[in-house]
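*Asks:* Pasted the sequence and its predicted model underneath.
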Amino acid sequence: PVLDSTPGNTDRPDSLLFKPRNTVPLLLTSNNQDRLNLAVQMAHKAIETQVIPRWFLAQAYAALAIVASVSRDVSLSEEVLDWTEANRSTVPPLYLHALLGNIYRGLGRYEDSFAEFEKALTIVRTISVTDTARVATDYGLILRQRGEARDFERIRQLHDEVSEIARSHPIAAFDFWEGQLAEALATGAGRSSNPAGLTAREVEVLRILAGGGSNREIAERLFISQHTVNRHVSNIFSKAGCANRSEATLFAVRNGIVD
């Protein structure tokens, strides 16, 4: 579930907390209006509760900012922006920049949104790999929404960063975030000049595969997790119409990916 809505918990102000944090990207990609409405309802309930900690109030407004950006709700984005400007000095910098990034996304101010997420990443990289992966994923999904060619190159960089984290920390949340960015990259495949719309990373994987590399060897050479390699190989087979590694190798030879 996007939010913790366990029966009996919805009246608690902390029920808005994302459990776990990897549910934030689910909100960003959710097409379920009922879930988005629930998020707004629960966020407002938390905001109206006077006893919640200041940091949690910022989280509640962050939830509103995400929902507003998904729903293209300008009035809701403006509501969150007003609160943020009035409370800027009390919001921790990491929350502040990620919050502004989502607000500006909801207002259609993409360059401002990207600038805020770059600031958030600069801060969070010195604090936590978990928050780095989470913020990078949020950022990548917003880049995908605008969808210009240059945006997909930045998504690839973010994907590589999260893939490295997933490789070094075998935790389900990291694989989830890496998968979200991989899917974001896949939406840009049609812009690729590579055969069958392969992404640049998929070409790298195919080149090693065609050279006889196993999935483990591919992971080691590209510094990504085997889970990520499996996904890339599956995508390659699907796009190139291959049933196995031999056919994929032949495809690579025919298209000049390997000699």
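*Replies:* That came through, no problem.

*Asks:* Which residue lies nearest the spatial centre of this protein?
*Replies:* Nearest to the mean C-alpha position of the chain, counting by Cα atoms, centre = their mean, stands Thr137 at 2.3 Å.

*Asks:* Can you tell me the closest non-neighbouring residue to that one?
*Replies:* Once flanking residues are discounted, Thr137 sits nearest to Trp177: 4.3 Å by Cβ to Cβ, 6 or more residues apart in numbering. C-beta coordinates here come from the backbone N, C-alpha and C atoms, glycine included.

*Asks:* didn't the residue nearest to the centre of the chain look like it was pressed against Leu181?
*Replies:* Yes. Counting by Cβ atoms under 8 Å, Thr137 touches Leu181, with 5.9 Å between them.

*Asks:* Next, show the common contact partners of those two.
*Replies:* Common contact partners of Thr137 and Leu181 (Cβ atoms under 8 Å, 6 or more residues apart in numbering): Leu158, Val162.

*Asks:* gap between Thr122 and Arg216?
*Replies:* 33 Å (Cβ to Cβ, to the nearest Å).

*Asks:* Determine the number of other residues adjacent to Glu217.
*Replies:* Glu217 has 14 neighbouring residues, counting by other Cβ atoms under 10 Å.

*Asks:* For it, list the residues it contacts.
*Replies:* Ile208.

*Asks:* Return the distance of it relative to Ile208.
*Replies:* Counting by Cβ to Cβ, the separation of Glu217 from Ile208 is 7 Å.

*Asks:* now the helices: where do they sit in the stretch 1-150 of the chain?
*Replies:* With DSSP state H, counting those that start in this stretch, the ranges of helices along the stretch 1-150 of the chain come out as 24-29, 33-48, 54-71, 74-86, 93-106, 110-124, 129-146, 149-168.

*Asks:* out of everything not next to it in sequence, what's closest to Val205?
*Replies:* In space, and not counting its chain neighbours, Val205 is closest to His232: 4.4 Å by Cβ to Cβ, 6+ apart.

*Asks:* And that neighbour, how far from Glu148?
*Replies:* Per Cβ to Cβ, His232 is found 23 Å from Glu148.
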